[in-house]
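> Got a sequence here, can you build the structure:
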Amino acid sequence: MKRTSIISVNFNQPQVTIDFLKSVKLNTDTAAVELILVDNGSREDHHADFIKEYPELIYIRSEQNLGFAGGNNLGIKVATGDYLLLLNNDTEITENLIAELSGELDRNPAIGMVSPLLLFYDAPDVIQYAGFTKMDYLTCRNSGIGSMEINKGQYDADSRETAYCHGAAMMCRKADLTTIGLMDDLFFLYYEELDWCEKFRRAGKKIWFTGRTKVYHKESMSVGKDSAIKTYFMTRNRMLFIRRNTGMFNTLLFSLYYIGIACPKQIFLYLRKGRKDLINWVFRGIFWNLTHSKNSTKLGFKI
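Purely as a prediction, here's the structure:
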């Protein structure tokens, strides 16, 4: 029997993580599942609380916050399952999730990664994700399919190729990572799963969406609060993504657009909001790309 390794990352959210563990225990066969939790530089060690809730849990503690990619990569390295299911700790799953996602991979060897329908936990009739459109590499912008639609079952029968998976819930085969590799720790936050999907695509694999199963995501429907870390990594990684996944000419055209139009627009919005403190982080995000190689190991932000 094939086995699935579920990997999740906790960062200072013990109760959210406990609810996640309860959801996994309720909706999976523990004999066929290996659950790995990476405690990613949290201030307090809640190992005992997590083990109490899920005794079979494989617990890994990192004293340093390694970001989304780094934390998941720690879990991937110790995973023994045939399938790897990466789930945010702020998700709650449904009973058929593993069967449907692994079934898609089994039926079509060309699929490299698959994500389910995502619904907002606090508004379960509202869709967060039903796939992504292709990326416009000149602006590094794309759109979410189904985003903010009322769920009336319109995607329940869908099984189709999409541009990108959603980092909150995505499954791949462990064997494929022998050639494709892990997510790049350099991204730390934002764009890492998009970059990983590009790696899968370059290896000849398809990125897939299925509406035959769903996950409830506790992320708010409203955009998260602006912060220095968010501003810096969103600015830096949007440009880094283009540098890593397009050619020199496209990167040049994007850079002209990004530095000349997109970033000044963002700075203007921060001025209107009275958030002058964030403007420096826009410049720092751009400056990192102008002074570091696309394969640098330096984050440029003290975590």
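
> Let me see the contact set for residue 161.
206-209 (CB atoms under 8 Å, 6 or more residues apart in numbering). Glycine gets a C-beta too; all of them are placed from N, C-alpha and C.

> no no, residue 209
114-117, 130-131, 145, 158-162, 165.

> next structured bit after the host helix or strand of it?
Element membership of residue 209, judged by DSSP states H and E, is strand 206-217. Following strand 206-217 in sequence order, the next helix or strand is helix 228-245 (DSSP H and E).

> what's that following helix packed up against?
helix 192-202, helix 248-257, helix 279-291 (3 or more CB pairs under 8 Å, 6 or more residues apart in numbering; DSSP states H and E).

> who wins for proximity to residue 140 among those?
Across those, the minimum distance to residue 140, taken as CB to CB, is reached by helix 248-257, at 6.4 Å.

> Buried ones in the helix or strand following that closest one, by neighbour count?
Proceeding N to C from helix 248-257, the next assigned helix or strand is helix 263-273, under DSSP H and E. Of the residues in helix 263-273, those buried under the neighbour-count criterion (16 or more other CB atoms under 10 Å) are 263, 266-267, 270.

> So which elements touch helix 263-273?
Against helix 263-273 (3+ CB pairs under 8 Å, 6+ apart) you get helix 279-291.

> The residue lying closest to residue 198 once chain neighbours are set aside: what's it in contact with?
The shortest distance from residue 198 to any non-neighbouring residue, by CB to CB, 6 or more residues apart in numbering, is to residue 245 (4.7 Å). By CB under 8 Å, 6+ apart, the contact set of residue 245 is 137, 195, 198.

> List just the nearest of these to residue 75.
Using CB to CB, the contacts of residue 245 come closest to residue 75 at residue 195, 18.2 Å.

> tally of neighbours for that closest one?
Neighbourhood size, residue 195 [other CB atoms under 10 Å]: 19.

> contacting residues around it?
Taking CB under 8 Å, 6+ apart, we find residue 195 in contact with 183-184, 187, 241, 244-245.

> Output these in CSV; the columns should cover pLDDT.
Listed next are those as CSV, based on pLDDT from 0 to 100:
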residue, pLDDT
183, 96
184, 95
187, 95
241, 98
244, 97
245, 98
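
> so what pLDDT did residue 222 get?
Note for residue 222: predicted pLDDT of 43.

> Over to residue 195?
98.

> ok, now the one 10 residues further on?
Reported pLDDT at residue 205 in the predicted model: 98.

> State the distance from the closest residue to it other than its chain neighbours to residue 244.
Excluding the flanking residues, the one nearest residue 205 by CB to CB, 6+ apart is residue 112, at 2.6 Å. Distance of residue 112 to residue 244, given as CB to CB, to the nearest Å: 18 Å.
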